[in-house]
Structures are given as C-alpha cells and as structure tokens.
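A.B. asks: okay, here's the prediction I keep looking at, along with the sequence it came from:
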Number of protein chains: 2
Amino acid sequence: MKEIFARERGGPGGTPPAPAALAAKVRTLAPSMTRSMQRVAEAVAGDPAGCAALTVTGLAELTGTSEATVVRTARLLGYPGYRDLRLALAGLAAQQQSGRAPAITTDIAVDDPIADVVAKLAYDEQQTLADTAAGLDTVQLGAAVTALAAARRTDVYGVGASGLVAQDLTQKLLRIGLMAHAHSDPHLAVTNAVQLRAGDVAIAITHSGSTGDVIEPLRVAFERGATTVAITGRPDGPVTQYADHVLTTSTARESELRPAAMSSRTGQLLVVDCLFVGVAQRTYETAAPALSASYEALAHRHRP
Amino acid sequence: MKEIFARERGGPGGTPPAPAALAAKVRTLAPSMTRSMQRVAEAVAGDPAGCAALTVTGLAELTGTSEATVVRTARLLGYPGYRDLRLALAGLAAQQQSGRAPAITTDIAVDDPIADVVAKLAYDEQQTLADTAAGLDTVQLGAAVTALAAARRTDVYGVGASGLVAQDLTQKLLRIGLMAHAHSDPHLAVTNAVQLRAGDVAIAITHSGSTGDVIEPLRVAFERGATTVAITGRPDGPVTQYADHVLTTSTARESELRPAAMSSRTGQLLVVDCLFVGVAQRTYETAAPALSASYEALAHRHRP
DNA sequence: CGCCGAGCCGAAAATATCTTTCAGAGGTGA
DNA sequence: TCACCTCTGAAAGATATTTTCGGCTCGGCG
C-alpha cells in the first residue's frame, strides 16, 4: 500500500544509507518533505550528536512531532528505520568530534583546561617518540647492544631526571642477568669507573650533553678502555668526546610549563627500552628464563 | 561489603562512556572479565563496524553467549546498556573508516632486526600514550590536582618500575615548592603514612593494582583521612578500595620481550606529567619562579 | 457555501529490542 | 565429598521502535 510510496521515495534507486553526506542529503530532500518532516530533518542535520542521544520519542517531542513522523523522515533519508539513522548520526558525531583539531599544536597555557593539558602532553610525547625513533642511528644502537650483551659489567651514569632513566635501564638489565649499576652520586660514579676495563660498558645519560657530573665518570671509563655510550639530546655536546657510541634523543620544544626534563625523559626511555630489547634478543637463551623467573618471583606480592 | 571503606568508586560505574578509547578500555578491563564476557569484548574490539550492525541477540549468537552476557559486558565497559555501547561502536567505526589505518603490529620477535625493534617499540609506546590520554578521567584528574595543589604534604608510593615513576613525580613537585616524598620501602612508607591527616595527599602507583606493598600505606593514609589517589592499570583492582580518585593508565598488550612494566611506565609517566602541569597551573604564582630558579641553579653544572 | 477527496499527522496497538530476574551449571576450597 | 560461590543463559519484564488506523486540514469543485 503506502510502503510503495515510502520505498520509491527512498532516494535514487534504493540508495544505501549515507555516512557523512547526511547534511547534503537533508538539503536535497528538503523540498520533497512535509512541514513536520522538515522540522525533524533540520534538527538532525543541526545537531547530530545531540539527536543521536535521543530516542524516537525524545526526538519527536523535541521537534514537536510524533514518533511516526520521525520514522518516516528516517525512511526518506534512506535508512530502514530510525534505529539505523541514529547509528549513522552517532558515527557522524564521532567524525566531527575527531575532525576538529583541538589546537594541540600550541604551547600549554596557564589557563588551559585540564583536558587540553592531557591532549597536548600526550601529543608532544608521541611526537618525541616518533622523532627519536626516526633519528636513532641503528648502527650505533646495534654496536651498543653488542657491547652490552658481552659486557662483564655495566655502569650507568645519570643525575636528576636522567638518573631515573639510568635506574630504569639498570633494573631491566639486572632482570635478564647482566651486571649493571646505576650511579647518580658523581663521586661514587668516578670511583667506580676506575674499576672498569676493556670489555666493560659505561653509559652516560644526559639531555644537555654537558652535565659535568656525568661526563667525568664517562671520561674515566673511556680512558680505562671500557666501551662508552652516550644517550644525549646534543650529539655535539662535550659528552660525546668520550663516547664510542652516541645515541641521540629528540629534543622537543620546551616551555615554561613543560621543562626540558619532561620531554627528554620520554626519548631517553625509548632508547633505553631499545637497548634492553636488543640485549634480550642477543642473550635470549638466558634472558627468557630470567624474565619469567623474575615474573614468578613477584607473583606472591600481588593480592588476590 | 568492602564498599564500606570505599568513599567513592572511581572504577566502572562513575566513568562516562568513552568514544575512541574503547579498544584501550577493552584491554584494560579484559583481565577482570569472565570468559564469555571476554569473547564479547574481543568481538567488539575486533570488528566495531560489524558489531554495531548487530542487535543484542545477534551479538550474543555471534559470540556464542547470551543477551545477558552482552549487556553485562557493555556495563563493564562503562555504558548504561548495550544500546549505548552500540552507538559508541558506530562512532568508532566511522572514525576508523575516515581516519587512519587499523594499526596492527606484530609482536617483537627474537630475530627482528634492530631497526624493527625501534619502530615497534616507538609505535607501541605512542599507542599507550594515546590510549591513556583517551581513557583518562579528567574529572578525577582535576580533583587530584586540586587536592595536590592544596596539600600540606604529599606522599607517593611505588615499588619496582613504578618506584621510578613515583620518584619522577616527587622530583617535579619538589621543584615547584610542594612537600613531596617518594617511598619505595614498604615499611617506611607505612610508618610515614601514619603521619598523614586530612588535607594531605597520598598517591599509590601500581600497574597491577594489587601490589600489597603499595596498597598498605595507601590504606593507612586513607584511614587517616588523607586524600588518596591511585594510578593504576586495573581500575577494578584492590588498590582502588582506598583511593578517592582513580587515574587509569592504558594496558598495552605485553609479550615475552616486552614486559608489562615497560608499557605501563609510559602511561604512568603521562599521568604524572599531567598532574604536575595541572598543579603548576593552579599554583602558577609560586610555581613559575620556582621553576626558573631551579633551572638557574643547575646552569653552572653544565660545561661550556 | 458546503461537500469531497487527497494527503498529512499523531495516538495507540503491535512488534522488535533491550534489560532484569532467577535458577541451574560449573568450578573451588575446606 | 560437600558447601559455597560465581558465572551463565532462559525466560519474564520493561523500553523502544514500527505499524496501523482514524482524524484532520486544505484545496478544488459543484
């Protein structure tokens, strides 16, 4: 009966539902709509996200029409029923949402809402990761890994924020059975560096590349014949004088509310992870059991 | 009931539905799901578009479960019911459709060349950042920032890899003039927690959400009336019982060569950075001079 | 001016879909 | 082995969507 009417009006030749071209479709079909249907279509095109949250009854009330009219409108727009129109609406809303750039390219301001802070920080750290990965010299990295895997002993130097990265690397290396120590006390670092000899590895971590407290022990290790590695954001800095292998981290732009330590840490950690995985690959026979053993050992420390 | 102790649950229930953070949410909550719910979650995460086209009954049949289970899963993921999950699914599908590649990487293998290791690690950490940012509850975050900015004293608990994150947070807070301490010794942590009182803040960092050594001091702080915060990958874990505010980090999939500690750290650090910047914003008058002062103080430690 | 038909509209019934309840299955620890 | 506890799905119950149906308006025509 009337379904014939509905179906043949359903767009040119039984068109499948439209994803993003909904607003256009509304305009195209508006002339062939009745007054109340136009009200519904207008509401839908004007606020997809809002309408997606409404039930048939809700949308009918909002537009001052009835459920039947809403369903008829959905049909006219090419959907089997309101349910499907609603899904399309949700998709459209999501697209619009993600489409507009939340201005994450600017610096963090004092009055930024907390959500923007999250977005900007996440974006910047992602950027740092991408840049660091792109700029990392895999030859140098491979050489460092080889040295580490064969080392009798490994010392890692870092102070401040880099000190935590040094500890992170040390924790990981210890977990796969390597002899590693982190030093954030410059004096102890130097006195320990004296013990190093050929075949040992010394790693200095400094973003600025010019942290004396870290350079000094690396120099000592270098002179003692140990293999030396520098993880730094400044490959032209003083630290590289005494480094057999230089691993460069990306320097993200910094600002008042985002100190250099914050972004440099992200890149350093990526490098450290790469070193760890690389070594774990080379020493897989011993590393794999060691890893699972350390996992088991911790199990009982977790509550049910 | 253990709810007696919990002032407010930050876990599944208070959180509003997430549009793009769905895949992350599935990973985060998967461990706390029952077998059949995992099947549903898997189907949903694997083919959002396909599932969005299905009714409750359809999805139940597809996954070989019942309608009740599907609804339960939707609830666990943070939606009021299946209807809303379906809408979110449609949105996600639309985003994927218009947006970028589905982004599936393989695990790191023992024989991967070093360049692949770098690329995969960088990609995974980027993913973790994006997921964590998308899944972070800004309301909880804002509340935590407010508490921190006004705190008389702040204690941070973390052991293992999380201990380094705790230290990172502490370093930052100290730098803008807040009284913050990191504790990785469980005994000292508890004895210090006893000192806390209303207006103080205690933060527990644990990926598993069930690290007794960290939960214990948080419980003490909670009972002493301090404002408690949990940074965890398991919002359903025991630690959240004693947390006024729960900040969830995303859980990337782990593998033999990529222990959970590695990816969790990335998300935790992002949360910590957000806390820091948030507090720095609130206390800008004092934070800004403090930051530049600490910068100046370090200058002479850098070689020319 | 009043009647008539055509199409529009919404109330309410009919149907589909989603949600809740409840009791059995399956596993777990004592 | 038994009690207990959780998970699970079938079916009842509640909502939402679709269809039906009759009233309504509006314009044309006698």
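C.D. replies: Looks like it arrived, so ask away. Because the structure is predicted, anything quoted here is derived from the model rather than measured.

A.B. asks: only C-alpha atoms for contact and neighbour calcs from this point on.
C.D. replies: Fine.

A.B. asks: show me which residues of the stretch 201-304 of chain A sit near chain B.
C.D. replies: A:208, A:210-213, A:238, A:256-258, A:262, A:266, A:270, A:273-274, A:277-278, A:280-281, A:284, A:288, A:291, A:301-304 (Cα under 8 Å from any Cα of the partner chain).

A.B. asks: what does the stretch 1-150 of chain A give?
C.D. replies: A:19, A:52, A:86-88, A:90-95, A:98, A:110-111, A:114-115, A:117-119, A:121-123, A:125-126, A:129-130, A:133, A:138, A:141-142.

A.B. asks: secondary structure class of A:Asp107, three-state.
C.D. replies: Using DSSP: H, G, I helix; E, B strand; the rest coil, the structure places A:Asp107 in coil.

A.B. asks: neighbours around it, how many?
C.D. replies: Per other Cα atoms under 10 Å in any protein chain shown, the neighbour tally for A:Asp107 reads 18.

A.B. asks: cool, and A:Ala119?
C.D. replies: So A:Ala119, with other Cα under 10 Å, has 20 neighbours.

A.B. asks: surely it and B:Ala133 touch.
C.D. replies: Yes - counting by Cα atoms under 8 Å, A:Ala119 touches B:Ala133, with 6.5 Å between them.

A.B. asks: the spatially most central residue of chain A and A:Leu218, how far apart?
C.D. replies: In chain A, the residue lying closest to the centroid (Cα atoms, centre = their mean) is A:Gln126, at 4.4 Å. A:Gln126 sits 30 Å away from A:Leu218, going by Cα to Cα, to the nearest Å.

A.B. asks: cool, A:Thr138 as well?
C.D. replies: For A:Thr138, the distance to A:Leu218 - Cα to Cα - is 22 Å.

A.B. asks: within reach of DNA strand D, which of the residues of the stretch 1-150 of chain A next to chain B are there?
C.D. replies: Among these, no residue sits close to DNA strand D (Cα under 7 Å from any atom of the strand).

A.B. asks: buried members of these into ChimeraX, please.
C.D. replies: In ChimeraX, this line selects whichever of these come out buried by 16 or more other Cα atoms under 10 Å in any protein chain shown:
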select /A:52,86,87,88,90,91,92,93,94,95,110,114,115,117,118,119,121,122,123,125,126,129,130,133,138,141,142
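
A.B. asks: give me the subset of the residues of the stretch 1-150 of chain A next to chain B lying in helices.
C.D. replies: A:52, A:86-88, A:90-95, A:98, A:114-115, A:117-119, A:121-123, A:125-126, A:129-130, A:133, A:138, A:141-142 (DSSP state H).

A.B. asks: list only those of the residues of the stretch 201-304 of chain A next to chain B flagged as buried.
C.D. replies: A:208, A:210-213, A:238, A:256-258, A:262, A:266, A:270, A:273-274, A:277-278, A:280-281, A:284, A:288, A:291.

A.B. asks: spatially nearest residue to the residue of the stretch 1-150 of chain A found nearest DNA strand C (excluding sequence neighbours)?
C.D. replies: Distances between the stretch 1-150 of chain A and DNA strand C by Cα to the nearest atom of the strand are smallest at A:Thr65, namely 3.6 Å. Spatial nearest neighbour of A:Thr65, chain neighbours left out: A:Ser36 (6.4 Å); criterion: Cα to Cα, 6 or more residues apart in numbering or on different chains.
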